[in-house]
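Student: Predicted model and sequence follow; I will ask about them next.
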Protein chains: 2
Amino acid sequence: MEGPRVGVLARRISESTVRRLSFYLRILEEAELGGVGTISSEELAERAATTAAQVRKDLSLFGSFGKRGLGYAVRQLATELRDILGLDRSWRVALVGAGRIGSALFEYPGFRRRGFEIVAVLDADPNKQGKCWRGVLVRDVAELEHVLRAERVEIVILAIPAPAAADVSARAVAVGVKGILNFAPMQLRVPAGVAVKDVNMVMELEALSFALTQAGRTPWG
Amino acid sequence: MEGPRVGVLARRISESTVRRLSFYLRILEEAELGGVGTISSEELAERAATTAAQVRKDLSLFGSFGKRGLGYAVRQLATELRDILGLDRSWRVALVGAGRIGSALFEYPGFRRRGFEIVAVLDADPNKQGKCWRGVLVRDVAELEHVLRAERVEIVILAIPAPAAADVSARAVAVGVKGILNFAPMQLRVPAGVAVKDVNMVMELEALSFALTQAGRTPWG
DNA sequence: CCCGGCTTGTGAAGTTCTTCACAAAGATAG
DNA sequence: CTATCTTTGTGAAGAACTTCACAAGCCGGG
């Protein structure tokens, strides 16, 4: 009804834009809960800690969703963004690594709320295998290929130590997984067409350390 | 002995550069363990999934650490990078939120290994308060200011739900904390001079969802 | 001691991302 | 119905980041 979606996507969308789109969506959903019907790029920008021009530019990459003089319809824009981000469906996710981080991720309600369903859990430790986590059996990581296929897994979360990550990643890719969320502190090598996102908490702390160190070294600290 | 450190830092260092520096450091430490004495920008680039020119540019922002015709001395460059990143010391960290994520973070050995010492844990839940985690008492978050001051905390990790994050963040900043690692899915507002890093796992999954959705929509999927 | 091969450090060019600024268009009031 | 006010969408300008390309410097061999 509005601008075309698919055709527009010839241009490459930057990672920062995608990150902001996620952010806008979260803000819109909050606003909708608060009963807000319409929102301007200015308001959206303020809550997302960016500029109004940036908001409009980001959205304009995918179409024309606003009304001049009025702003954006909150509910409609949220729907558009969910559609753009591929969140208008659910994703079948496997969690590899049933240690502390894996277990925290499994219990985290935010994933399911967004349609990411953890349909399989795997671990190399025999003591963890066979346990049942809220209806999901913890399987042997040796069965990875079988489980991924049987459960039609699309995204794999790696919550395992670095040395094991490369192997598991390669095997997952080999059976057709196209998305990996990697918590292991190492760079995964994947063929083109496979998306990897890294979450590296130590690196984030190191960036803080750098910032704090700089502050101490510069006069405007 | 080499180029000056402090003087060079007039120019702003981009976030991506800092991220890569952390990465280089990790690679160098691996190489050192492997007994490698010298490494070229080319090799470093390959392992960090970037380009040789990028590596040299990043490093050149802080000085001249290499030898032409030879490369970089692994051990020496690692030391330089630790110094640049402020990792030649230890940091006193408080963890707010003793839930699943908080507990996983507390147990994660990577933090301590890099000099980030969790010297205080706080939670709002009376059932968790009073417990002892490896020698660290879980305190009431109501005592935040007192604990942060008493323990001389420099960095706070927020592993609490979004609604509580803004309040705790403001109180931490008020007693002089200059660095915050935020796991809550919300944008914190902090005054200039305070560094915030966000870790948002749902957003990372959403970025994967976008990438996978795009792949399906484009011919070169 | 000199020469050829290799690798750094860095201006310049190229690319990508962000901000500016304004025409176009819908809303509202009179 | 017109005038005015608001806000979008978007070329163009500007800023930031990356890649190129090459002079300068170091090493090892003859």
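Tutor: Okay, I see it. Model, not experiment: these values are computed from the prediction. Residues are numbered from 1 along each chain as shown, chains lettered A, B, ... in the order given.
Student: Just the C-alpha atoms of the longest strand seen in chain A, please, in CSV.
Tutor: Using DSSP state E, we find that the single longest strand of chain A is strand A:116-123. Output of strand A:116-123 as CSV, limited to C-alpha atoms (Å, rounded to 0.1, in the frame of the first residue of the first chain):
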residue,chain,number,x,y,z
PHE,A,116,13.1,-16.7,19.0
GLU,A,117,12.2,-20.2,20.2
ILE,A,118,14.9,-22.3,21.6
VAL,A,119,13.8,-25.7,20.3
ALA,A,120,17.1,-27.6,21.1
VAL,A,121,19.8,-27.5,23.7
LEU,A,122,23.1,-29.3,23.2
ASP,A,123,26.2,-29.8,25.4
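Student: mind listing what the next helix or strand after that strand pairs with, with the direction of each?
Tutor: The helix or strand immediately downstream of strand A:116-123 is strand A:132-133, counting by DSSP states H and E. Here strand A:132-133 has these sheet partners by DSSP bridges: strand A:136-140 (antiparallel).
Student: following the strand it pairs with, which helix or strand shows up next?
Tutor: Criterion used, DSSP H and E; the element after strand A:136-140 is helix A:144-150.
Student: Just the buried residues of stretch A:41-53, please?
Tutor: Neighbour-count burial for stretch A:41-53, counted by 16 or more other CB atoms under 10 Å in any protein chain shown, picks out A:41, A:43-45, A:47-48, A:50. No exception for glycine: its C-beta is placed from N, CA and C like everyone else's.
Student: ditto for stretch A:120-139
Tutor: Applying 16+ other CB under 10 Å to stretch A:120-139 flags A:120-124, A:128-129, A:133, A:136, A:138-139 as buried.
Student: can you list contacts of that stretch?
Tutor: A:94-99, A:102-103, A:106, A:118-119, A:140-144, A:147-148, A:151, A:153, A:160, A:164 (CB atoms under 8 Å, 6 or more residues apart in numbering or on different chains).
Student: repeat for stretch A:194-204
Tutor: A:169, A:173, A:177-183, A:185, A:187-188, A:190, B:19, B:22-23, B:105, B:108, B:110-111, B:114, B:116, B:181, B:197, B:199, B:201, B:204-205, B:207-208, B:211-212, B:215.
Student: just the buried residues of stretch A:120-139 that are near DNA strand D?
Tutor: Among the buried residues of stretch A:120-139, not one lies near DNA strand D by CB under 7 Å from any atom of the strand.
Student: related to what we said a few turns ago, quick one: buried ones out of the contacts of stretch A:120-139?
Tutor: For the contacts of stretch A:120-139, a burial check counting by 16+ other CB under 10 Å picks out A:94-99, A:102-103, A:106, A:118-119, A:140-141, A:144, A:147-148, A:151, A:153, A:160, A:164.
Student: Give me the distance from stretch A:116-127 to the chain's centre.
Tutor: Averaging C-alpha positions (CA atoms, centre = their mean, to the nearest Å) puts stretch A:116-127 19 Å from its chain's average.
Student: Next: stretch A:28-37.
Tutor: 22 Å.
Student: overlap between the buried residues of stretch A:41-53 and the residues near DNA strand D?
Tutor: Answer for the buried residues of stretch A:41-53 near DNA strand D (CB under 7 Å from any atom of the strand): residue A:41.
Student: For the buried residues of stretch A:41-53, could you give me JSON lines that also reports secondary structure?
Tutor: As requested, these are arranged in JSON lines below (DSSP: H, G, I helix; E, B strand; the rest coil):
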{"residue": "A:41", "secondary structure": "helix"}
{"residue": "A:43", "secondary structure": "helix"}
{"residue": "A:44", "secondary structure": "helix"}
{"residue": "A:45", "secondary structure": "helix"}
{"residue": "A:47", "secondary structure": "helix"}
{"residue": "A:48", "secondary structure": "helix"}
{"residue": "A:50", "secondary structure": "coil"}
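Student: how about the nearest residue to residue A:51, chain neighbours excluded?
Tutor: Leaving aside its chain neighbours, residue A:51 sits nearest to residue A:45 (5.3 Å; criterion: CB to CB, 6 or more residues apart in numbering or on different chains).
Student: Also residue A:27?
Tutor: residue A:47 (4.8 Å).
Student: before we move on, the earlier item: may I see the buried residues of stretch A:120-139 organised as JSON lines, with distance to residue B:64 and pLDDT added?
Tutor: Below are those laid out as JSON lines (distance: CB to CB, whole Å; pLDDT from 0 to 100):
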{"residue": "A:120", "distance to residue B:64": "51", "pLDDT": "98"}
{"residue": "A:121", "distance to residue B:64": "50", "pLDDT": "98"}
{"residue": "A:122", "distance to residue B:64": "48", "pLDDT": "98"}
{"residue": "A:123", "distance to residue B:64": "47", "pLDDT": "98"}
{"residue": "A:124", "distance to residue B:64": "45", "pLDDT": "98"}
{"residue": "A:128", "distance to residue B:64": "50", "pLDDT": "97"}
{"residue": "A:129", "distance to residue B:64": "53", "pLDDT": "98"}
{"residue": "A:133", "distance to residue B:64": "53", "pLDDT": "97"}
{"residue": "A:136", "distance to residue B:64": "54", "pLDDT": "98"}
{"residue": "A:138", "distance to residue B:64": "52", "pLDDT": "98"}
{"residue": "A:139", "distance to residue B:64": "52", "pLDDT": "98"}
